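Colleague: Kindly generate the corresponding structure for this input.
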Amino acid sequence: MTKQKKIMIIFIIVGAIIAIITVIGAVFLVTSVGNIKKADFFELGADQVPTVKLVVGERKITSVSSSIENGITTKIYEYRSDSSAADIEQYIKYLREDDFIVTSVNDNKNDVYYGKNSVAEGRIILVYIDANPFGYTIKLIKGRGELNKFN
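Modeller: Predicted coordinates for the structure are as follows:
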């Protein structure tokens, strides 16, 4: 077998592996977004945060991401909706009824975080909602800390 044929076979094998990994990743993403779309609660370990679906019904999820860095878990869900303002208003009302409190406000950007103590001792959960022209983003953060109610 010539050197060129060996190189060609290696490229074919590497290409096939990349294609398989891509397909597996796509299936995982579609499955996880589908499961989140139907779920009534976001899961943060043993903690549960109500989903948009529970409050206003199913909405299109366009992106999901999560990370754990320095003991802080972050999950971000991006939604597409024609009724963003109404969705957000109802969702915030529901959070407040579920014992989430306003924990901080950044006056420059009108950013508001809603917080609640975690079931894990010494940990808190923060919910941040960001509206945009096409929908909204819900960011969940869980980490060490204590809540300070914003007045």
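Colleague: Show me the helices in this structure, by range?
Modeller: 3-38, 52-56, 84-97 (DSSP state H).
Colleague: Just tell me which of these ends up closest to E146.
Modeller: helix 84-97 (18.7 Å; C-beta to C-beta). (Glycine included, C-beta is placed from N, CA and C.)
Colleague: residues in contact with the closest one?
Modeller: Applying C-beta atoms under 8 Å, 6 or more residues apart in numbering, the external contacts of helix 84-97 come out as 50, 52, 54-56, 59, 79, 81, 114, 127, 129, 131-132, 134-136, 138.
Colleague: Buried subset of these, written for PyMOL?
Modeller: PyMOL command restricting the contacts of helix 84-97 to the buried ones, with burial defined by 16 or more other C-beta atoms under 10 Å:
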select buried, resi 50+52+55+56+59+79+81+114+127+129+135+136+138
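Colleague: Narrow the contacts of helix 84-97 to those in strands?
Modeller: When the contacts of helix 84-97 are checked against strands (DSSP state E), the matches are 50, 79, 114, 127, 129, 131-132, 135-136, 138.
Colleague: Show me the two of the residues you listed that sit farthest apart.
Modeller: P50 and N132 (21.2 Å).
Colleague: per-residue pLDDT, the closest residue in space to L147 that isn't next to it in sequence?
Modeller: Leaving aside its chain neighbours, L147 sits nearest to G115 (4.8 Å; criterion: C-beta to C-beta, 6 or more residues apart in numbering). The pLDDT attached to G115 in the predicted structure is 92.
Colleague: And the pLDDT for F150?
Modeller: 66.
Colleague: so how far is G15 from the residue positioned nearest the centre of the chain?
Modeller: For the chain, the residue sitting closest to the mean C-alpha position, by C-alpha atoms, centre = their mean, is I76 at 2.5 Å. The gap separating I76 from G15 is 32 Å, by C-beta to C-beta, to the nearest Å.
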